[in-house]
Every structure is written in C-alpha cells, then in structure tokens.
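J.: From the sequence below, what's the structure:
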Amino acid sequence: MKITTPFTITAADSDSRTITGRIVAFDEPANASTGKVVFAKGSIEPKNVFLNLEHDRARRIGKTLSMEMDGDKAINASFKIAQTTSGSDALVEAIEGLRDGFSIELAVNEYETLKDGTMKVLSGELTGVALVSEPAVRSARVAEVAATEDENSESKDDAEATPSTEEKGDEVEDTVKDASTAETVEATQSITASSRPVGGFTATPRIEVTAAKYLENKIQAAMGSEEARLYVLAADNTTDNAGLVPTRQLSEIINGVSNGTRPSIDAISRGALPDAGMTFEIPRITVAPTVAVANEDAIFSDTDQNSQFLSVDVKKFAGQQKFSVELLTRTSPLFYNELLANMSKAMAKAQNAYVNGLLVANATVDGTTLAALPTAAELLAYVSRGAASVYSNTQDFARNIVMGSSQWANTMALNDNGRPIYIAAQPMNAGGALRPDSLRGNVGGLDLYADFSAPGGSDDGSMIIVNPNSYTWYEGSQYQLRAESTADGSITIGIYSFGACAVKLAGGAFRNNK
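T.: You can find the predicted model right below:
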C-alpha cells in the first residue's frame, strides 16, 4: 500500500538551488480517500530519496541534501535542485508560492485500525518526496520563502524552521533570506491513497481488496462500523464496479526474440578499430626466409622475406526506430531503456551474422562429404581433418569450433550404446563436454560456440573449425543519434557502430561439406 501526504515548504533559494521544509508530522490526524489516517511517532525514518515533480517518478528535479527528525514531532528535509529546466522552474514556482507543497511517497509496511476507523501507520518506508501545488488539510506553517537579494535579513519565525547550512565535500549550501518577501502562511497536509499511474505503472488502488483486509472489515461491520460495512459492500460487488479489481502491470519484460550473444565473433581474436578511415592495412608475410644444412665452405641458404599489405574494409552497422513524442514523454523510462537495449541486441546480431558469413565464405571446404547430421565417428574424423588442415595452412593450431543449432543439438544426442558421449555428468573416455543449458562446450578438444545464425538445413558451413588468430574482429564505439521532427512531433532514435573483420589467413578456418 502506498500513501502520499502533502506539506507546504518552508524555504526556497534560487542561488544555492535548495528547497527546505517539513515533509511529515506525527500524531496529527488527516483524511484520506480511504478514511482517517495518522502517523505514529517513529513510524517513518529519514532517508535519502529523490524529489519528484507532482509524484511523477519520470520527472525527478532534485535529491535529498539533508533530512532529520524535529524532535519526535516531524521530519524536516532540504533538497538540492538539479540544474535542469524543470528544476529551475520548480524553484521559481516555490519562491512565488505557485507550487509550494511537499508530499511524501510512503510504502506502508504495518498499520492498525483504531476504534473510530482511523488507520494508524505503525511502520512505513519513505520511497520519495514530491513538490506539489495543491495540498489539502492545513496543519503546518511556512517559516520563510528565501529570495536572493539581501543576505543579512532574517525570517520572522526562525524558531520553527530555519534552513541549516549543509556542507557536502567542497560544496556548501547556504539558504539566503529576504525579510521583505518572507511571509507566514498556513501549510497544509493530506493523505490520499494514490491511484495515478506512476512511471507508466499503476500504484496502489483506492480500495485494498485482500482476504485479510476483507475479514477485518467484515468483523468491524458486524460490530456496527458503517465504514467497514461500505468496504465489504464494495468488495462484494467488485465484478460490477470497474476499477476495484485493478490490473497490475509488472516492470519485467518478456523478450523471446533477441539476445546480445555473438558466438562467431567470440570464436575469433579481437582488436581495436583504428580511430579514422574506412579502410586500414595490415602487413602480412608472404614469403619467409629459409635456413638449410650447409656443407663446409658452402653458401648460405638465401631466400628473401617478402610481405604485402592486407587491406581491411570498415563496415557500418546501423538501425533506427521512429515513435511519437507522447510515447517517450508519457510512458515509463522502462520503454526507452528497453528500446535501446533491444537495438543494441539487434546490432550484436547483425555484427555476428556478418562475421559468420566471412568464416563460411573464406574457409577451406572439407574434401569429404558428410551426412547432414554426422555420427560420432564422422564428427571425430571431421575434427581431425580440420585440425590438420588449419595447422598446415597457418602453422598454428585450431582451437575453436562453431556449430549451427541443428549440429549443436545433434552433438548432444551422440551416444555410445545409449550413454551420452558429450553430456554425461562424469563420462569415461569422453570426447568433450557439452550441456543443453549452455551454448558453450568442448567437442573433440575444441572449444564449442553454438551459433544460431550459422547456416543450417542443406547449406555447407554449419560446422566451422577455426584458428582464432587467423580472423580478427576490430570494433569501435557504439553511437546513438536522436532527431526530432517538428512536422509531426515524432522522434527518431538511431544507433550505429563501425567494425571490421580481417581475414588474415583464410586457411585458418575449415568447414564441413554436406
């Protein structure tokens, strides 16, 4: 259950960008839409929270500078306001008295119902404070609204609420007062059950329909409580009263269409992309010097070393999405975060598919034709041929094998008289290790990378043995663009990056031939 309780601020300072005032009072009854409410002493502990604008968690304008108990009567707080347009507007509105109320946001943990029906909050957690314009019940007084003209003038009521100087590191906040503009006016307090959408998700409804709450009110109704009788009547008619049984919207996201894995890129070596240019060059040895056994007085073996430059193209990977300004500004920040996350996953998918395509196109093709899904013996023979081919072409060892989804599944099914070869918990004479809950493993001594973008069906290249040093992925930073259209009020978000894959030694990859 969440409740909000507004109070009027006691000071606002546009120079130090602070707003100060009482945020909650104890043992002072107030009315809420669910009935009377009162906070017990000690039921709320001071806590650093954000200052929101009108309880909109997507519009944060400041954060706690100080928060302390005023004896056992109340909690006073001071907030540092952000250097934003909304923050500056809020300061002006507070000084001018246009928006001069504080309202806490509280998650109630424990409460009791008094004989007169008042809900007494015994324990709650402060989750936020809001700057609001319309508090309801009068109970506190403004000490001052500080301007920026006269640092020597004093407020009329320093004893009740004088903003204190707070020092945070090298930053000192000092509220400036102007007696000519300071006024004593009545503050206000109210507690209401919040039913507004907060950050795109619905907060607590006006009537809390739970089994425990229903039973409590059922008993009180039998004892003559009119308020409890009305509660039970409303709860018994939830099917006929829209809004009493709310539909919750959770913050979790279901995504079964994308992920950020890049198996083919992980299977090769990595490098940093040069800072400029759409191509770059890497020197590559084409002829190596030789040394041979020589007879006495015989000439040395003489072979000149030769090299040439390998030119590598830099590729751009880019995507965008267009949506309305309403979708951005009137929904939860979760939408924007999830959009960027999914665009980044799409970027990873495109980059991985590009690299996998280069591996397939440049790899040496196995001279032996395999069945679409090889047997254990055929797989081991393929691994041995691939290892020998890669070493002879690169003078270095094959270390990794990239498998498409069908090959990955087939490899897990390989067995010796029913005993799994690769996925047994404690295999004897096993050819490697492979798990159905991981896309990584080991097959025939090669590290396995299961890549669902690898070719499948009847295409060649669903298995590629690779020496990672023969192929290198060079990657730069990822960038974002945002463009707003004044014609239709839409917003376009673009994401792009640059990358390059160098095929240093094409013979460093060996693919199956089905």
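
J.: which helix of the chain spans the most residues?
T.: Assignment by DSSP state H gives helix 333-362 as the longest helix of the chain.

J.: list the helices and strands that helix packs on?
T.: Packing partners of helix 333-362 (3 or more CB pairs under 8 Å, 6 or more residues apart in numbering; DSSP states H and E): helix 263-266, strand 315-324, helix 325-329, strand 463-466, strand 471-484, strand 490-503, strand 509-513. C-betas here are computed from N, CA, C, even on glycine.

J.: residues in contact with the closest residue to Ala483 other than its chain neighbours?
T.: Using CB to CB, 6 or more residues apart in numbering and skipping the chain neighbours, the partner closest in space to Ala483 is Thr492 (4.7 Å). Taking CB atoms under 8 Å, 6 or more residues apart in numbering as the definition of contact, the neighbours of Thr492 are Gln320, Gln321, Lys322, Leu481, Arg482, Ala483, Glu484, Ser485.

J.: Quick one, grab the pLDDT at the closest residue to the first one other than its chain neighbours.
T.: Ranked by CB to CB, 6+ apart and with sequence neighbours excluded, the top spatial neighbour of Gln320 is Gly494, at 4.0 Å. Gly494 is assigned 89 on the pLDDT scale.

J.: before we move on, the earlier item: beta partners for the residue nearest to Ala483?
T.: Beta-bridge pairing of Thr492 under DSSP bridges involves Lys322, Ala483.

J.: Tell me which of the helices and strands packed on helix 333-362 lies nearest to Gly71.
T.: If you check each of the helices and strands packed on helix 333-362 against Gly71 by CB to CB, helix 325-329 wins as the nearest, at 42.2 Å.

J.: same for the closest one, what does it pack against?
T.: Using 3+ CB pairs under 8 Å, 6+ apart as the contact test, the elements touching helix 325-329 are helix 333-362, strand 490-503.

J.: Verify the stated contact: Ile401 with Leu448.
T.: Yes: between Ile401 and Leu448 a contact is recorded at 5.6 Å, counting by CB atoms under 8 Å.

J.: Contacts only, for the residue lying closest to Gln83 once chain neighbours are set aside.
T.: The shortest distance from Gln83 to any residue that is not its chain neighbour, by CB to CB, 6+ apart, is 7.2 Å, and that residue is Arg17. By CB under 8 Å, 6+ apart, Arg17 lies in contact with Lys80, Ile81, Ala82, Gln83, Gly87, Leu91.

J.: what's the neighbour count on the fourth one?
T.: Right, the one you point to is Gln83. 8 (other CB atoms under 10 Å).

J.: Just the pLDDT for it.
T.: Here the pLDDT value assigned to Gln83 is 88.

J.: Over to the fifth one?
T.: The confidence metric pLDDT takes the value 85 at Gly87.

J.: what does Arg138 give?
T.: 44.

J.: Name the SS class of the residue in the chain sticking out farthest from the centre, please.
T.: Relative to the average C-alpha location in the chain, and by CA atoms, centre = their mean, no residue lies farther out than Asp297, which sits at 74.0 Å. Three states are possible here, and by DSSP: H, G, I helix; E, B strand; the rest coil the one that applies to Asp297 is coil.

J.: backbone phi and psi for it, please?
T.: Recorded main-chain torsions at Asp297 are phi 70, psi 10, according to degrees, to the nearest 10.

J.: switch to numbering from 14
T.: With 14 as the first residue, the last one maps to Asp310.

J.: wait, what's in contact with it?
T.: Neighbour list for Asp310: empty [criterion: CB under 8 Å, 6+ apart].

J.: what separates it from Val304, distance-wise?
T.: Asp310 sits 17 Å away from Val304, going by CB to CB, to the nearest Å.

J.: check contacts around the most centrally placed residue in the chain.
T.: Centroid check for the chain by CA atoms, centre = their mean gives Asn350 as the closest residue, at 6.0 Å. Neighbour list for Asn350: empty [criterion: CB under 8 Å, 6+ apart].

J.: what about the residue nearest to Gln333, how many residues close to it?
T.: Residues lying near Gly507 (other CB under 10 Å) number 15.

J.: Hmm, it is touching Lys329, no?
T.: No: counting by CB under 8 Å, Lys329 is not a contact partner of Gly507; they are 11.4 Å apart.

J.: joint contacts of these two?
T.: Going by CB under 8 Å, 6+ apart, no residue sits against Gly507 while also sitting against Lys329.

J.: Excluding chain neighbours, what is closest to Met360?
T.: Phe330 (5.7 Å).

J.: which ones are touching the one you found?
T.: Met360, Ala363, Gln364, Tyr367, Tyr509, Ser510, Phe511, Gly512.

J.: OK, contacts around the closest residue to the last one other than its chain neighbours?
T.: Meaning Gly512. Once flanking residues are discounted, Gly512 sits nearest to Glu488: 4.8 Å by CB to CB, 6+ apart. Taking CB under 8 Å, 6+ apart as the contact definition, Glu488 lies against Arg283, Gly284, Ala285, Leu286, Gln364, Ser510, Phe511, Gly512.

J.: All good on my end, thank you.
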